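Peer 1: Return a 3D structure for these sequence lines:
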Amino acid sequence: MRPVVVVASTAARREALVRALGSTDASAEVWSADLADLTRADADDLLVVDGVELARAVASSVGRSARLLVLDDDPAAADRLLDLPVATWGLIPARAPIAQVVAASAAVDAGLVVLPRSMRELPHLAAVAIDGAGELDRLDVDRHGGTSNELAGDESLTRREGEVLELLVQGLSNRRIGAALGISEHTVKFHVASIYGKLRASSRADLVRRALRRGLVAL
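Peer 2: All right, here's what the predicted structure looks like:
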C-alpha cells in the first residue's frame, strides 16, 4: 500500500492514529501532517483525515489524484463527500476499530469507495460497506446497476481458506483464528501461507487490498 499521511486537527489525535496504523504493519510508511503542511505532492499518498470538514479542506489542497479515507461519526457526512474533487474516498466511523481502518484504507488505496451501509446502493460505484463488527460486505456495482461476484478460477480459495481470509481481514491473530474455527494454530499458518501465495500478497495490507479487488471478502 502507498504511504499513509494522517491529517487531524489536534496533535494528540494525529499521533494516536499514526501509532495505531503503524502497529499493524511494521513495513508501513505512516506519518502525520496538519492542513498547513500539505502540498499537491501529498496527493500521491493515502490520506486518512479526521472529520468531513477537514477532508473538504484537504481535498482543496492536494488535488484530484488524492485518495482520502475520512473518519466521521455522522452518516450524513457522506453527502458532503460526494462532490469532493479527488480520485476516490471512503467514510467510516471516527472511533472505528483499527482493523476497520486498515481494511478501509486498503480498499480506498485499491480505488474503491468505502461507504456506510446505509449508502451502499449508490449507482456507478464499486463500494465496500463496513459494519460495526469490523466485517466487510462487498458490493461491486457495474455501469448497468448489476452486481459482479466473479473470481479468478486459477486462484480460487478453498472454503476453509475463505473463512481464514475473512478473519485475517478483521485483524485476528493466527491463534484467535484457530480458536474461532476450531483448528490448530499450525493449521491456520498453513492456510495463511496458501492464501498469501494464491493472492501473491506481500503483507496483510496488501492481502486485504487484493482480496477486495477480487471480491473474496464478503459477509
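
Peer 1: what about the strands in this structure?
Peer 2: Counting by DSSP state E, the chain has strands at residues 4-7, 30-33, 46-50, 67-71, 88-92, 113-115, 126-130, 136-140.

Peer 1: Pipe those strands into a markdown table and attach distance to Gly178 and mean neighbour count per row.
Peer 2: (C-beta placed from N, C-alpha, C; glycine too.) Putting those into a markdown table (distance: least, C-beta to C-beta, whole Å; neighbours: other C-beta atoms under 10 Å) gives the following:
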| stretch | distance to Gly178 | mean neighbour count |
| --- | --- | --- |
| strand 4-7 | 30 | 25 |
| strand 30-33 | 29 | 18 |
| strand 46-50 | 31 | 25 |
| strand 67-71 | 31 | 25 |
| strand 88-92 | 28 | 24 |
| strand 113-115 | 29 | 24 |
| strand 126-130 | 24 | 22 |
| strand 136-140 | 21 | 20 |
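
Peer 1: any idea which of those strands scores lowest on pLDDT?
Peer 2: Across the strands of the chain, strand 136-140 has the smallest mean pLDDT, namely a mean of 41.

Peer 1: what's the residue closest to the geometric middle of this protein?
Peer 2: Nearest to the geometric centre of the chain sits Ala104, at 1.8 Å (C-alpha atoms, centre = their mean).

Peer 1: what domains does the record give for this protein?
Peer 2: The chain breaks down into these domains under automatic domain parsing: 4-119, 153-214.

Peer 1: Who are the contact partners of Val164?
Peer 2: Val164 sits next to Ile177, Leu181, Val188, His191, Val192, Ile195 when contact means C-beta atoms under 8 Å, 6 or more residues apart in numbering.

Peer 1: same thing with Ala201?
Peer 2: Going by C-beta under 8 Å, 6+ apart, the list of residues near Ala201 reads Ile195, Leu207, Arg210.

Peer 1: now it: how far from Leu21?
Peer 2: Using C-beta to C-beta, to the nearest Å, we find Ala201 at a distance of 18 Å from Leu21.

Peer 1: do the same with Ala110
Peer 2: 17 Å.

Peer 1: quick one on the thing from earlier: with distance to Ser156 as extra columns, can I get the strands of the chain in CSV?
Peer 2: Compiled in CSV, the strands of the chain are given as follows (distance: least, C-beta to C-beta, whole Å):
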stretch, distance to Ser156
strand 4-7, 31
strand 30-33, 33
strand 46-50, 29
strand 67-71, 29
strand 88-92, 27
strand 113-115, 25
strand 126-130, 20
strand 136-140, 16
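
Peer 1: right, and these - which one's nearest Arg214?
Peer 2: strand 136-140 (9.8 Å; C-beta to C-beta).

Peer 1: my read: Val108 touches Thr88, true?
Peer 2: Yes. Counting by C-beta atoms under 8 Å, Val108 touches Thr88, with 5.8 Å between them.
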